[in-house]
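Participant: Here is the input, now give the coordinates:
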Amino acid sequence: MKKLSLDNFMRLKKLVYRSARPLDFTKWKYLFENGSCEDFLSVLSSYQNEDGGFGYNIECNNWNPNSSPYTVCIALDYLDTAGDYVSNIKNKMVMGIIKYLSS
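Facilitator: Have a look, this model is predicted:
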């Protein structure tokens with residue numbers, strides 16, 4: 001695996017701090033700066049609709065506020081970031097996804 005130089009890492013960090021959406025910012029903090037997984041999951045949960053699906057620009061090129069299987073797939077990818085982390089927020093999101101997909 002090719003490693004990123006410290007200089008490039010710092011440039012990337014500056015870009016994330018300046019321009020990232022809250023979802024991507026909290027993901028960055030969690031993955032690279034010992035940030036809170038709970039904060040990341042809390043922001044992710046704000047994209048979840050009442051029907052259990054996801055919308056509201058969870059994917060930056062999809063501005064549709066309504067749920068779709070596509071946006072649920074993206075949310076699952078984000079959830080995978082949390083790995084084995086145990087959380088009520090995570091459990092609630094997963095139960096919502098199951099509800100949406102079974103409807």
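
Participant: Which neighbouring residues are in contact with Ile58, exactly?
Facilitator: With Cβ atoms under 8 Å, 6 or more residues apart in numbering as the criterion, the residues that contact Ile58 are Leu23, Tyr47, Thr71, Ile74, Ala75, Tyr78. Just so you know, the C-beta spots here come from the backbone N, C-alpha and C atoms, and that holds for glycine as well.

Participant: give me that answer again for 6 Å
Facilitator: Tyr47, Thr71, Ile74, Ala75 (Cβ atoms under 6 Å, 6 or more residues apart in numbering).

Participant: So it, which state does it fall into?
Facilitator: coil (DSSP: H, G, I helix; E, B strand; the rest coil).

Participant: cool, and the one 3 residues further on?
Facilitator: Of the three states, Asn61 takes coil under three-state DSSP.

Participant: Between the contacts of Ile58, which sits nearest Val94?
Facilitator: Nearest to Val94 among those, counting by Cβ to Cβ, is Ala75 at 9.9 Å.

Participant: So the closest one lies in a helix, does it not?
Facilitator: Yes. Ala75 sits within a helix when classified using three-state DSSP.

Participant: so what pLDDT did the residue sitting nearest the centre point of the chain get?
Facilitator: Central residue of the chain (Cα atoms, centre = their mean): Tyr78, 4.0 Å from the mean position. Among the per-residue scores, Tyr78 shows a pLDDT of 96.

Participant: In contact with it, which residues are there?
Facilitator: The contact partners of Tyr78, by Cβ under 6 Å, 6+ apart, come to Leu44.

Participant: make it 10 Å
Facilitator: Tyr78 makes contact with Leu23, Asp24, Lys27, Phe40, Leu41, Val43, Leu44, Tyr47, Phe54, Ile58, Glu59, Met93 under the criterion Cβ atoms under 10 Å, 6 or more residues apart in numbering.

Participant: about what we covered before: want to throw the contacts of Ile58 into a markdown table with pLDDT and neighbour count?
Facilitator: Listed next are these as a markdown table, based on pLDDT from 0 to 100; neighbours: other Cβ atoms under 10 Å:
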| residue | pLDDT | neighbour count |
| --- | --- | --- |
| Tyr47 | 96 | 21 |
| Thr71 | 94 | 24 |
| Ile74 | 95 | 15 |
| Ala75 | 96 | 25 |
